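Asks: here's a sequence, model it:
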Amino acid sequence: MNKKVLTILLVAVLIGLLSVGGVYAGNLIKNFGSDRDGNLLFIFKKLNLTDEQKTKIEEILKDLKAKSGPIFEDIKKKNSEEKEILSKEVLDEDSLNLLVESQIKNIVNLSYLKKDAYLKIVDILDNEQRKIFPTFTLFLKSKPFILNNEKVEEFISRSNDKIKDLLVIGKRLNLTDEQKEILKDMIKEENSRKVKFLNQFEFRFLVKKLDLTEEETSKLKDLFINEKQKEKEIHEKIKDNNSKQREILKSDNYNRETLSSYIDEYITLESEILNLRKNLYFDYLKILTFEQREKSPTSLFFFKII
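Replies: Numbers count the residues shown, from 1 in each chain. This next block holds a predicted model:
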């Protein structure tokens with residue numbers, strides 16, 4: 001069965017799913033898929049947790065929220081200070097650099113707090129629950145920077161619904177190995193389309209917000225392309241690291257120390273990306289005029305933390 005025929009079959013099955021629960025599944029993604037806390041609730045629901053497990057996990061997440069609070073407050077404070085520096089005609093690069101470095105430390109510290117909470121949650125799970133629990137990389141994954149734009153939110157929601165339905169189809173149909181590979185490619189293609197859309201949207205957002213000239217736009221585009229190339233190898237390492245985390249979680253001989261070491265490795269890789277994006281941010285600022293810099297997003301835009 002070729003890709004075109006399988007696609008027709010999938011669409012036909014989708015119509016059936018929508019009448020017997022597909023809409024409900026889509027609403028779950030819409031309500032929870034783009035929200036970190038909601039997404040966790042969706043995951044925990046799949047685990048069939050006992051009341052005791054629920055109570056323990058709730059306490060862990062409350063503790064995480066309490067410990068994270070001061071860091072988020074400091075991130076907001078430093079973000080305001082960064083805006084003040086950007087609004088001055090003479091850019092104080094030394095002070096700006098200190099602020100951005102401090103924001104990177106805040107983000108990394110949040111990762112370590114989440115690591116501690118994550119491992120405590122994994123300790124509570126039984127073998128079967130642990131095998132379907134997300135890796136730390138996915139547990140940590142932040143909401144994409146979508147600028148509170150309704151069109152983007154609708155696009156993300158539709159894309160998530162489509163991926164969710166494709167996954168449901170894969171489980172309900174007795175697909176051949178070849179068909180499974182085609183289905184996997186379709187999901188991968190949809191994910192790539194979503195990432196590409198977000199990247200293009202962020203780029204267009206900067207061009208429009210700052211009213212960049214053609215020359216400035218060209219320079220900015222080159223910066224983004226070069227950044228993507230610089231990060232390529234690190235993202236490959238993250239992908240490999242995530243696979244190793246998954247192997248440990250799925251193993252009958254779960255080793256907490258090994259998982260912890262892989263999480264540390266992931267946070268180190270995350271730090272490398274943040275530092276690369278700090279350099280991207282300063283190169284980007286050099287393109288701008290003072291008037292454009294006044295309207296510019298802060299470094300958090302480039303870190304995608306909000």
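Asks: tally of neighbours for Asn275?
Replies: 13 (other CB atoms under 10 Å). In this view, the C-beta of every residue, glycine as well, is placed from N, C-alpha and C.
Asks: so it: helix, strand or coil?
Replies: Put simply, Asn275 is helix when judged by DSSP: H, G, I helix; E, B strand; the rest coil.
Asks: now it: how far from Lys105?
Replies: 11 Å (CB to CB, to the nearest Å).
Asks: again with Phe139
Replies: Counting by CB to CB, the separation of Phe139 from Lys105 is 21 Å.
Asks: which of the two has more neighbours?
Replies: Neighbour count, other CB under 10 Å: between Phe139 and Lys105, Phe139 has more, with 20 against 14.
Asks: chain neighbours aside, what residue packs nearest to the more buried one?
Replies: Tyr118 (5.4 Å; CB to CB, 6 or more residues apart in numbering).
Asks: enumerate every residue touching that neighbour.
Replies: Contacts for Tyr118 (CB atoms under 8 Å, 6 or more residues apart in numbering) come out as 136, 139-140, 263.
Asks: one more: Leu285?
Replies: Going by CB under 8 Å, 6+ apart, Leu285 touches 86, 91, 293, 296.
Asks: what of Asn255?
Replies: Contacts of Asn255 (CB under 8 Å, 6+ apart): Ile248.
Asks: and the pLDDT for it?
Replies: Confidence at Asn255, expressed as pLDDT, is 95.
Asks: repeat for Lys120
Replies: The pLDDT attached to Lys120 in the predicted structure is 96.
Asks: same question, the one 5 residues further on
Replies: According to the predicted model, the pLDDT of Leu125 comes to 95.
Asks: returning to what we had before: quick one: buried residues of the helix or strand containing the residue nearest to Phe139?
Replies: Assigned by DSSP states H and E, Tyr118 falls within helix 93-124. Using 16 or more other CB atoms under 10 Å as the test for burial, helix 93-124 gives 96, 99-100, 102-104, 106-107, 109-111, 113-115, 117-118, 120-122, 124.
Asks: against Glu84, how distant is Lys219?
Replies: Distance of Lys219 to Glu84, given as CB to CB: 26 Å.
Asks: what of Lys237?
Replies: Counting by CB to CB, the separation of Lys237 from Glu84 is 37 Å.
Asks: what does Arg246 give?
Replies: Look at Arg246 and Glu84: by CB to CB, they are 44 Å apart.
Asks: between those two, which is the more surrounded one?
Replies: Legend: neighbour count by other CB under 10 Å for Arg246 and Glu84, higher for Arg246 (17 against 11).
Asks: quick check, the more buried one in contact with Thr135.
Replies: Yes: contact status for Arg246 versus Thr135: in contact at 5.4 Å, counting by CB atoms under 8 Å.
Asks: got the angle between the one helix or strand Glu52 maps to and helix 93-124?
Replies: According to DSSP H and E, Glu52 maps onto helix 51-86. Helix 51-86 and helix 93-124 are oriented at 170 degrees to each other (axes from the mean of the first three to the mean of the last three CA atoms, to 10 degrees).
Asks: against which helices or strands is helix 51-86 packed?
Replies: Packed against helix 51-86 by the contact rule (3 or more CB pairs under 8 Å, 6 or more residues apart in numbering; DSSP states H and E) you find helix 36-46, helix 93-124, helix 299-303.
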